[in-house]
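Peer 1: How does the following fold in three dimensions:
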Amino acid sequence: MNKSKKDNRIILIIVLAVVTVVVSTIAVTGKATSLLLMFTKHGTVEDGVLSGVSEHITDVPDGEVRFLINKSITFKNSFSRGDVMLENPESGEYVLKFLFYSPEGKLIYTSPLISPGQCLAEDKLSATLNAGEYQCAYSAQAYDGDNFMGEVTGIVKIRIGS
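Peer 2: The predicted model follows:
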């Protein structure tokens, strides 16, 4: 066998060994769902209002923060997109960012910035949760340009699985 074929076989054996170690590590540590989460596409912020919602906020007094949020969010599994349903009314003056925290206080979701007159119907979590139902805290943070103007907090129920 010539030297170049032998070198190619050695490289192939090394690559296969590395792949085997990575796959074994994922299986042992349970990080497979984290990898799946990484490859799940985020939702898209869109202009307009959420479809399927009968009442929208039409008037926001100066200096106030108002929004729509789904208070009972469901995800098929820990790495799928769920029905977050976030809406920033067109009459609002601030750009909003939403953060969700697990019952233990771990940050599990950060929305993209949502400008007045925009909404986000679906998105994925940024951390995995086991199947079940969770009472999670949320923070709706208001920004005027780069300036943090304040926040509104509350509770949302997040369900993973059927």
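Peer 1: Going by C-alpha atoms from here, please, whenever you check contacts or count neighbours.
Peer 2: OK.
Peer 1: if I read this right, residue 159 contacts residue 72, doesn't it?
Peer 2: Yes - counting by C-alpha atoms under 8 Å, residue 159 does reach residue 72; the two are 7.5 Å apart.
Peer 1: For this structure, which segments are assigned as helices?
Peer 2: 3-29, 32-39 (DSSP state H).
Peer 1: if you average pLDDT over each of these, which comes out lowest?
Peer 2: With a mean of 51, helix 32-39 has the lowest mean pLDDT of the helices of the chain.
Peer 1: Under the pLDDT cut-off, which ranges of the protein? List them.
Peer 2: Within the chain, the set of residues satisfying pLDDT under 70 comprises 1-5, 17-41, 162.
Peer 1: where along it do the strands fall?
Peer 2: For the chain, the strands identified by DSSP state E occupy 46-47, 72-75, 81-82, 86-88, 95-101, 107-110, 118-120, 123-124, 132-144, 147-160, in order along the chain.
Peer 1: Nearest to residue 7 among those would be which one?
Peer 2: Relative to residue 7, the nearest member of the strands of the chain by C-alpha to C-alpha is strand 123-124, separated by 44.1 Å.
Peer 1: So which of the strands of the chain is the most surrounded?
Peer 2: Ranked by average neighbour count under the criterion mean count of other C-alpha atoms under 10 Å, the strands of the chain are headed by strand 86-88 at a mean of 28.
Peer 1: Now do it: which elements does it pack against?
Peer 2: Packing partners of strand 86-88 (3 or more C-alpha pairs under 8 Å, 6 or more residues apart in numbering; DSSP states H and E): strand 118-120.
Peer 1: Minimum distance to residue 63: which of the strands of the chain has it?
Peer 2: Put simply, out of the strands of the chain the one that sits nearest residue 63 is strand 147-160, at 9.0 Å, with distance taken as C-alpha to C-alpha.
Peer 1: Can you give the domain ranges for this protein?
Peer 2: For the chain, the domain assignment from automatic domain parsing gives the residue ranges 3-30, 42-160.
Peer 1: so how far is the longest one from its chain's centroid?
Peer 2: The chain centroid and the centroid of domain 42-160 are separated by 10 Å, computed with C-alpha atoms, centre = their mean, to the nearest Å.
Peer 1: ok, how many other residues are close to residue 49?
Peer 2: Other residues within reach of residue 49 by the criterion other C-alpha atoms under 10 Å amount to 22.
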